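Asks: have a look at this fold, sequence not included:
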């Protein structure tokens, strides 16, 4: 049993490490110069983008296989499907009605669901919401694995936050003031972080050869370049997302958590086999 | 071309070729091909117009943005428009025509990728995409089906709740005014999920699949991930030396293969049947032939795809053979008449 748990933890850590490494690959001078070499016709690497996408996809696959292994009950399947549908409908609103900046209403449900139902459910909710909303709005593209991976982590960490705050054990009727403050800050933080992480994926692509290359470049130099890039192009955009997340959770979080908890209790039915 | 696997190969090919050249002539050629293919998949005149308008609209934003952005950050080149004080961070220095041109090409590449994927999204129905889900993830496929089936229903519910609240005099002015709409939507959905789960259990869903992840699968996954991690670290840190690069490529391939193997092996445990199988038709094969031609260009004619405006501007070269090879991407559009007939 413990071996299983240990292996499971190992898989989580490894796939997270691979995802993180793929995301921060632009900071490695050697890989950068290889990528530059490619745009300059020498070979290996305009493929870098394709390779990192494939890597993220593989890490995602491994995580999904691991989470799948703990066979999904009908309750999980049904709840996950329906909640994903609700969150994806919110994405529809986003496409139809222009929202300010990078604000998107899909983060709040992912965070709240992860917080109440735990990290595994939160991860699945995050990845599936992005997948389904991409399918229905025609947004399938090379960016999708990155988005799925990142939102999956948003949901998973919301689950950890829930465990940290003892969310799973709390009864549904309690006052939620403190939790809402924490969750709002969590949403705001991830609003910015999501932008920082997702930008990493296309930054070397748009910025091209302006990123200092060559084997002797310190990574701090590249990092400061990225900070400049981020501040000049994305900060305002992402601030909107952060504020939007915080406002949405502050306004709608308490009643949502209350009803999700009520349903979590109601979902605790078990099926007894007649042979047992 | 109808098979989802053929379409996935096509869009992957377009993605790879678009990201491996910066020669504007070839990029425009690929862009036009994807737009034609997108138009040929359209079911009516309106969709056909969209296949042209959507990329053009995207380009109208992406091209100027990429041009200005690259000129602001890359201060290389001979054709200098003007100079900003060089102690200004990031944007200080000469703004050059070369940098602007490179930015435009970047914008074109982005537009091409966008256009290819919108053709893909148009050509493939959601149902076909779900069929692309590996067998190992059939539960994920079920979740996906449940979600996609419920989306229209949720949209209807949302509208109904809004109308009902409006009749009661409710108006949405601020954030908190969404409360009387969101909570009923959520509660109603959870009720539906509950009855769906009960119905699934009643019909025996999951009654036999009390399986747990076997330790062997977990160990294999760990091995695959470790190999990937080693490969990627070698690639990131030591790409300059050829030996390390070979090691990196090999272990990346092995790691990817191991994970793919796990997925395939798990898929064979879970059997599922297709109600109405879709045969692989001639048009799919021809589409693949077109993709092979493009891959040939990418792998063999890498030097020909090369173009850079730095350090001084030159007219990009155009090799007719490369051009013909790239036109392989057009294959789905040429064959669309035949595919309709089948």
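Replies: Done, it's in. These figures come from a predicted structure and were not determined experimentally.
Asks: hey, let's count contacts and neighbours off CA atoms from now on
Replies: Noted.
Asks: so, low pLDDT: which residues of the chain?
Replies: Looking at chain A here, since you left the chain open. Along chain A, segments meeting pLDDT under 70 span A:1, A:26-49, A:68-72, A:92-102, A:138-139, A:167-175, A:202-221, A:268-276.
Asks: can you look at chain B instead?
Replies: In chain B, residues with pLDDT under 70: B:89-90, B:174-175, B:206-213, B:238-240, B:270-272, B:302, B:311, B:336-342.
Asks: any buried residues in stretch B:6-18, and which?
Replies: Neighbour counts using 16 or more other C-alpha atoms under 10 Å in any protein chain shown place B:6-8, B:10-18 of stretch B:6-18 among the buried residues.
Asks: quick one: those residues as JSON lines, columns for distance to residue A:164 and secondary structure too.
Replies: Output for these, formatted as JSON lines (distance: C-alpha to C-alpha, whole Å; DSSP: H, G, I helix; E, B strand; the rest coil):
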{"residue": "B:6", "distance to residue A:164": "47", "secondary structure": "helix"}
{"residue": "B:7", "distance to residue A:164": "45", "secondary structure": "helix"}
{"residue": "B:8", "distance to residue A:164": "42", "secondary structure": "helix"}
{"residue": "B:10", "distance to residue A:164": "46", "secondary structure": "helix"}
{"residue": "B:11", "distance to residue A:164": "43", "secondary structure": "helix"}
{"residue": "B:12", "distance to residue A:164": "42", "secondary structure": "helix"}
{"residue": "B:13", "distance to residue A:164": "46", "secondary structure": "helix"}
{"residue": "B:14", "distance to residue A:164": "46", "secondary structure": "helix"}
{"residue": "B:15", "distance to residue A:164": "43", "secondary structure": "helix"}
{"residue": "B:16", "distance to residue A:164": "44", "secondary structure": "helix"}
{"residue": "B:17", "distance to residue A:164": "47", "secondary structure": "helix"}
{"residue": "B:18", "distance to residue A:164": "46", "secondary structure": "helix"}
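Asks: surely residue B:288 meets residue B:10?
Replies: Yes. Counting by C-alpha atoms under 8 Å, residue B:288 does reach residue B:10; the two are 7.5 Å apart.
Asks: centroid residue for the chain?
Replies: Just going to use chain A. What sits nearest the mean C-alpha location of chain A, by C-alpha atoms, centre = their mean, is residue A:151, with 1.6 Å.
Asks: that answer is for a different chain, and I need it for chain B
Replies: residue B:117 (5.7 Å).
Asks: roughly how far apart are that residue and chain A?
Replies: 6 Å (C-alpha to the nearest C-alpha, to the nearest Å).
Asks: now that residue, nearest residue through space, not along the chain?
Replies: residue A:141 (6.0 Å; C-alpha to C-alpha, 6 or more residues apart in numbering or on different chains).
Asks: also residue B:59?
Replies: residue B:111 (5.7 Å).
Asks: my guess is that neighbour meets residue B:57, correct?
Replies: No. Between residue B:111 and residue B:57 there is no contact under C-alpha under 8 Å: 9.4 Å.
Asks: please say which of those two ends up with more neighbours.
Replies: Ranked by neighbour count (other C-alpha atoms under 10 Å in any protein chain shown), residue B:111 and residue B:57 place residue B:111 first, with 26 against 12.
Asks: and the more buried one, how far from residue A:148?
Replies: According to C-alpha to C-alpha, to the nearest Å, residue B:111 and residue A:148 sit 22 Å apart.
Asks: likewise residue A:248?
Replies: Relative to residue A:148, and taking C-alpha to C-alpha, residue A:248 is found at 21 Å.
Asks: ok, now residue B:333?
Replies: Taken as C-alpha to C-alpha, the span from residue B:333 to residue A:148 is 31 Å.
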